[in-house]
Structures are given as C-alpha cells and as structure tokens.
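> Provided below are the primary sequence and the corresponding predicted coordinates.
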Amino acid sequence: MWQSISIAGHAADVFEPPSPRFLLVFLPDLDGVTLRDNLAWTSLLATNRMAAVCPTGAETWWLDRVWPPFDPGKSAEEYVLNEVIPAALMRFRLPPTAVAVAGVGSGGQGALRFGFRHPERLRVVAGLGSMLDFDQAYGHATALDDLYASREHCRQDTAVLQIDAHRWPPYVWFACDPDSPWLRGNDRLHEKLSAMGVPHTTDFTSRACGHSWKYYDHLSPALLRFVVDGLEKEARRLM
C-alpha cells in the first residue's frame, strides 16, 4: 500500500488504504526517515482508514524560509501547504477538513508550528519528541546556520513564539520522552499554552528509549487516536 510519488518536483511516500476517510501529513525528522514500511504505524493507518503522505524536506526544519539546496523558489512550509496537502487531498478525494499534520523530531516541531501559524487550515496537529527549542542546534552544521543570522534570530522563529493569543488549532497533542534532550522545550510550550488557556494534550511520562523510533512507535497509538478523534469531531461540527 506504500509507494513513492513526485509532488511538485520532490519525492514523497504515500499510503493509500481502501476508501480513505482522513489524511495524515507526516513530517520526518532530520534523518528523512518516513513511515514507509513501518509496521506499527502502517497497521494503525490501515485500521483507521487514514491515508498518509510523507514529503521530502526534513533538512529544512520545515520552516518558512527558502533554502536553495531543497528548493530555490519556495520554503518547506510553502511546499507542504500549497503543494503537498492540495495534491494529497485531490489524490484521495478528501475535503480540506479531513487533514491532520504530525511529525517526529524536527518534523514534530514543524507540525506544531504549522498549526499555530495556520490554525484555520490545520486544526489537528501533533508532535512526538518535537525539537521545539531548535535554536539549541544553531551552530552545529545544519541548515539553520544558513537560514538565520544568529541563534537569537533562530529562537525568535521557534514554535512557542508563533502562538496567537486569539486563534489556535483546537486539537493540539505533543509528547516527549522524559529522557529526551528536547523535553525542556516541550515543557516550555506546555507552560505557555496553559498560561494562555489554549486546550492541548501532552504526555511527558511515557518512556521508551528517549529520542528514538522505539519511542515514536510506542506512542503511535496515542497519537493516531488523538488525531482521528479530532478529525471525527471536526467532521461532525461541519455536518
């Protein structure tokens, strides 16, 4: 059920179950590993009749900044919002309200950041082991060094500073292994959302080998359950 396709000149892995009712846009971590052939996630997607598309672009940190090695004309955010999602919805014949965005590592922060920046379009978002305080990686030979003039410029663009006090996605979920080096950034986001009265769900207690695929697979049932529940509520709201 998995296959590789091209969307606007970039590769993507897609999963198409029979008669899909929802779409998951999955943003990979910096290593670019997708859900393709992952038995834990694939089984959950199939059970919930959820199609999935895993785009290329992980090295960009899924930011709204043009990085020429990825694409000379559009940012990763523009690519996902204006190319990947419309193409996938058309492919699976689904309405715009049937899409959720989730990711792991840098993709997790990308998914949450997308939701805070575009809550009208992306109402269900989730992140696992999200690298939310990615300014900590500035100066360590990643694309961040090319995308920002300084670590402070980088910090100003992190997900926690993208939250609008008057508009946010109604379904936000994020989890982080307590042994992960990215726990503090997740906890900081939780503190800010709580202070602002933004509804969200977290898990900072489940342990499974820290920042790893063993952890992502372990939490996949909880993430997919939350995503499906949110999309079902959205569908009923619009009936």
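Ah, there it is.

> neighbours around the residue nearest to residue 122 when sequence neighbours are not counted, how many?
Excluding its sequence neighbours, the residue lying closest to residue 122 (CB to CB, 6 or more residues apart in numbering) is residue 115, at 4.8 Å. For the C-beta atoms, the positions are set from N, CA and C on the backbone; glycine is no exception. Close neighbours of residue 115, defined as other CB atoms under 10 Å, add up to 27.

> again with residue 44
Neighbours around residue 44, by other CB under 10 Å: 22.

> Report how many residues lie close to the closest residue in space to residue 210 that isn't next to it in sequence.
Using CB to CB, 6+ apart and skipping the chain neighbours, the partner closest in space to residue 210 is residue 179 (4.3 Å). Residues within reach of residue 179, counting by other CB under 10 Å, total 13.

> From residue 103, how far out is residue 179?
20 Å (CB to CB, to the nearest Å).

> Could you do residue 183 as well?
Using CB to CB, we find residue 183 at a distance of 17 Å from residue 103.

> The longest helix along the chain: which residues count as buried?
Determined from DSSP state H, the single longest helix within the chain is helix 213-237. Using 16 or more other CB atoms under 10 Å as the test for burial, helix 213-237 gives 213, 215-220, 222-224, 226-228, 230-231, 234.

> which residues touch stretch 210-223?
Stretch 210-223 is contacted from outside by 33, 38, 40-41, 44, 102, 104-105, 126, 128-129, 173, 175, 177, 179-182, 203, 206-209, using CB atoms under 8 Å, 6 or more residues apart in numbering.

> again, 7 Å this time
With contact meaning CB atoms under 7 Å, 6 or more residues apart in numbering, stretch 210-223 is reached by 40-41, 44, 102, 104, 126, 128-129, 173, 175, 177, 179-182, 203, 206, 208-209.

> same check, this time on stretch 52-61
7, 10-15, 23-26, 28-30, 32, 34-36, 45, 67, 70, 76, 79-80, 84, 88, 106-107, 110, 134, 143-144.

> cool, stretch 69-77 as well?
Applying CB under 7 Å, 6+ apart, the contact partners of stretch 69-77 are 57, 59-60, 62-66, 79, 114.

> make it 10 Å
8-10, 27, 55-67, 78-84, 110, 113-114, 117-118, 143, 146-147 (CB atoms under 10 Å, 6 or more residues apart in numbering).

> Also stretch 144-157?
Applying CB under 10 Å, 6+ apart, the set of residues contacting stretch 144-157 from outside is 60-61, 63-69, 75, 106, 113, 133-139, 161-162.

> Pull out the buried members of those.
With neighbours counted by 16+ other CB under 10 Å, the contacts of stretch 144-157 contain buried members at 60-61, 63-65, 67, 75, 106, 113, 133-138, 162.

> Among those residues, which lie within strands?
If you go by DSSP state E, the buried ones among the contacts of stretch 144-157 have nothing in strands.

> Quick check: the two most widely separated of these?
75 and 136 (21.5 Å; CB to CB).

> okay, the angle between the helix or strand in which residue 51 is found and helix 213-237?
Under the criterion of DSSP states H and E, residue 51 resides in strand 50-55. Here strand 50-55 runs at an angle of 120 degrees relative to helix 213-237 (axes from the mean of the first three to the mean of the last three CA atoms, to 10 degrees).
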